[in-house]
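Trainee: Below is the sequence, then the predicted model.
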Amino acid sequence: MTLQVGVIGTGMIGQDHIRRLTKTLSGARIVGVTDIDQARAAAAAPEGAEVFTTPTALIASKEVQAVVICSWGPAHEEQLLACIAAGKPVFCEKPLVTSEAAALHVMEAEVTHGRRLVQVGFMRRFDADYRRLKAVVDNGKLGAPLMFHSVHRNASVPEGLYTSEMPLNDTLVHDADISRWLLSDEVAGVEVRVPRRSSRGGELRDPVFVLLHMASGALVDVEISVNIAYGYDIRGEVSCEAGVVALPNRPAPMISDANGIRQAIPEDWRERFIEAYDQEFREWIVAASRGTATGPSTWDGYAATLVADAALRAVASGLLEPVNMVAKPALYGPPTAIAAE
Ligand code: NAD
Ligand code: ISE
């Protein structure tokens with residue numbers, strides 16, 4: 001069976017996902033696209049795909065069996081609710097939504113529907129290096145995880161479009177999600193410290209240093225730098241009771257030139273996580289073809305949204321801001337197992 005997919009939002013990542021669904025992966029076919037910029041949608045539409053004037057029309061179309069949402073975060077809530085109302089599996093790029101209330105609306109709708117339909121685009125969970133890291137933490141031979149150091153560096157961000165809130169409510173969500181997943185834990189509180197500002201970002205609050213207090217007592221420090229110039233650099237190291245496990249340096253070509261021998265660094269997230277995005281969509285196609293979803297869920301999107309909210313409060317207050325979650329609905333599995341302190 002070939003899954004007939006409609007894509008909402010044909011900007012940077014929308015175009016990248018259209019490319020992977022049409023040129024790299026099997027099992028899916030793009031039958032429709034839409035964007036508020038109709039010309040952009042038309043340019044991105046693969047041969048034979050219809051260009052819809054609105055997301056509502058695309059979601060309602062009988063031709064569309066499953067939906068990929070790549071629009072801006074504030075538009076996700078309405079589009080997710082429409083997909084759930086239509087009973088269509090939906091892959092939604094991060095962030096799931098941009099407020100706690102919106103996350104709860106989506107969760108209520110999916111729980112009422114009674115089956116998982118939503119998969120959130122936390123692609124790191126599909127990255128082979130992160131999966132190997134988690135396998136070592138989970139097998140317990142190094143003892144309990146105590147600290148996780150997460151480094152998230154972007155070479156640059158779009159000037160004017162990327163605001164001072166975004167390191168905390170757009171970029172941090174990846175580190176929050178991977179911390180919860182790697183440590184099988186929940187975030188209980190968030191602190192933010194703002195070091196000396198990088199002159200490369202103008203007025204942008206960059207970098208930021210975030211401390212996630214996990215429910216088990218483990219601590220996660222996150223460096224977010226979004227104008228680091230030299231490339232897209234993602235690092236992670238878990239300190240356990242009896243050893244340390246870290247992401248490897250990404251295998252990349254060795255370059256020899258007049259400046260010496262060096263290893264290349266990915267330019268951006270598209271290059272660094274290309275295999276992870278491919279795997280994320282392979283698993284999504286299988287699940288969506290069965291009428292459901294897999295991997296990061298609405299619950300995980302909700303958790304990341306609460307962390308972003310707490311981080312924004314923390315940067316204003318200078319205090320440790322708590323994260324208070326509702327009880328986990330059974331649809332999303334048992335309550336998270338948290339290692340004893
Ligand atoms: P973008 O600005 O390049 O593209 C977004 C597109 O969505 C634009 O073409 C815009 O016109 C369209 N759009 C916005 N609101 C719409 C609406 N209501 N209806 C229809 N079209 C709408 O942005 P992008 O970088 O492609 O990011 C899109 C989403 O993907 C964001 O949520 C972003 O956080 C996420 N993202 C995820 C990753 C990742 O690594 N997983 C990487 C980049 C972006
Ligand atoms: C972007 O939206 C992403 O999701 C990337 O993975 C992340 O590294 C970047 O900081 C975000 O702006």
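Mentor: In hand now; what should we look at? Ligands and ions are numbered 1, 2, ... in the order given.
Trainee: Going by C-alpha atoms from here, please, whenever you check contacts or count neighbours.
Mentor: Fine.
Trainee: what about Gly301, which helix or strand?
Mentor: Assigned by DSSP states H and E, Gly301 belongs to helix 298-317.
Trainee: Let me see the residues that make contact with that helix.
Mentor: 94-100, 103-104, 106-107, 118-120, 165, 168-170, 172-174, 176-177, 187, 189-194, 210, 320-325, 328, 332 (CA atoms under 8 Å, 6 or more residues apart in numbering).
Trainee: okay, and for this structure, where does confidence drop off?
Mentor: 339-341 (pLDDT under 70).
Trainee: Apply 90 and report the result again.
Mentor: By pLDDT under 90, the low-scoring segments of the chain are 1, 159-161, 202, 249-254, 262-264, 334-341.
Trainee: which stretch of helix or strand covers Leu58?
Mentor: helix 55-60.
Trainee: How many residues are close by the closest residue to ligand 2 within the chain?
Mentor: Proximity of the chain to ligand 2 (CA to the nearest ligand atom) peaks at Thr171, 4.2 Å away. Per other CA atoms under 10 Å, the neighbour tally for Thr171 reads 20.
Trainee: which residue sits closest to it, ignoring its sequence neighbours?
Mentor: Ile224 (7.7 Å; CA to CA, 6 or more residues apart in numbering).
Trainee: So which residues on the stretch 51-200 of the chain come close to ligand 1?
Mentor: 55, 70-73, 75, 93-95, 121-123, 170 (CA under 6 Å from any ligand atom).
Trainee: ok, so of those residues, who is nearest Ser216?
Mentor: Phe122 (22.6 Å; CA to CA).
Trainee: Would you map out the domains in this structure?
Mentor: Residue ranges for the domains of the chain, per automatic domain parsing: 3-123+275-297, 125-272+301-323.
Trainee: Between helix 298-317 and the strand or helix carrying Gly189, find me the angle.
Mentor: Here Gly189 sits within strand 187-193, counting by DSSP H and E. Interaxial angle, strand 187-193 versus helix 298-317 (axes from the mean of the first three to the mean of the last three CA atoms, to 10 degrees): 40 degrees.
Trainee: Leu81: how many residues sit nearby?
Mentor: Residues lying near Leu81 (other CA under 10 Å) number 18.
Trainee: out of everything not next to it in sequence, what's closest to it?
Mentor: The nearest residue in space to Leu81 (CA to CA, 6+ apart) is Val106, at 6.1 Å.
Trainee: and the one you found, what helix or strand is that in?
Mentor: Using DSSP H and E, Val106 sits in helix 100-113.
Trainee: Tell me if I am right that Ser150 is in a strand.
Mentor: Yes. Assignment of Ser150 by DSSP: H, G, I helix; E, B strand; the rest coil places it within a strand.
Trainee: Can I get the helix holding Val106 in PDB, CA atoms only?
Mentor: The C-alpha coordinates for helix 100-113 follow below in PDB (Å, rounded to 0.1, in the frame of the first residue of the first chain):
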ATOM      1  CA  GLU A 100       0.200  24.800  27.500                       C
ATOM      2  CA  ALA A 101      -3.500  25.400  26.800                       C
ATOM      3  CA  ALA A 102      -3.100  24.400  23.100                       C
ATOM      4  CA  ALA A 103      -1.100  21.200  24.100                       C
ATOM      5  CA  LEU A 104      -4.000  20.200  26.400                       C
ATOM      6  CA  HIS A 105      -6.600  20.800  23.700                       C
ATOM      7  CA  VAL A 106      -4.700  18.500  21.300                       C
ATOM      8  CA  MET A 107      -4.200  15.900  24.000                       C
ATOM      9  CA  GLU A 108      -7.900  16.000  25.000                       C
ATOM     10  CA  ALA A 109      -8.900  15.600  21.300                       C
ATOM     11  CA  GLU A 110      -6.600  12.600  20.700                       C
ATOM     12  CA  VAL A 111      -7.500  10.900  24.000                       C
ATOM     13  CA  THR A 112     -11.200  11.300  23.100                       C
ATOM     14  CA  HIS A 113     -10.500   9.900  19.600                       C
END
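Trainee: just to revisit the earlier point, ok, the residue nearest to Thr171 to Pro167 distance?
Mentor: 7 Å (CA to CA, to the nearest Å).
Trainee: got it, and Ala176?
Mentor: 12 Å.
Trainee: Identify the contacts common to the two.
Mentor: With CA under 8 Å, 6+ apart as the test, Ala176 and Pro167 reach no residue in common.
Trainee: Walking through the stretch 1-150 of the chain, point out its strands one by one.
Mentor: 3-8, 28-34, 50-51, 66-69, 90-92, 118-120, 145-153 (DSSP state E, counting those that start in this stretch).
Trainee: Mean neighbour count added to the ones you listed, as CSV?
Mentor: Output for the strands of the stretch 1-150 of the chain, formatted as CSV (neighbours: other CA atoms under 10 Å):
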stretch, mean neighbour count
strand 3-8, 25
strand 28-34, 25
strand 50-51, 20
strand 66-69, 26
strand 90-92, 28
strand 118-120, 27
strand 145-153, 21
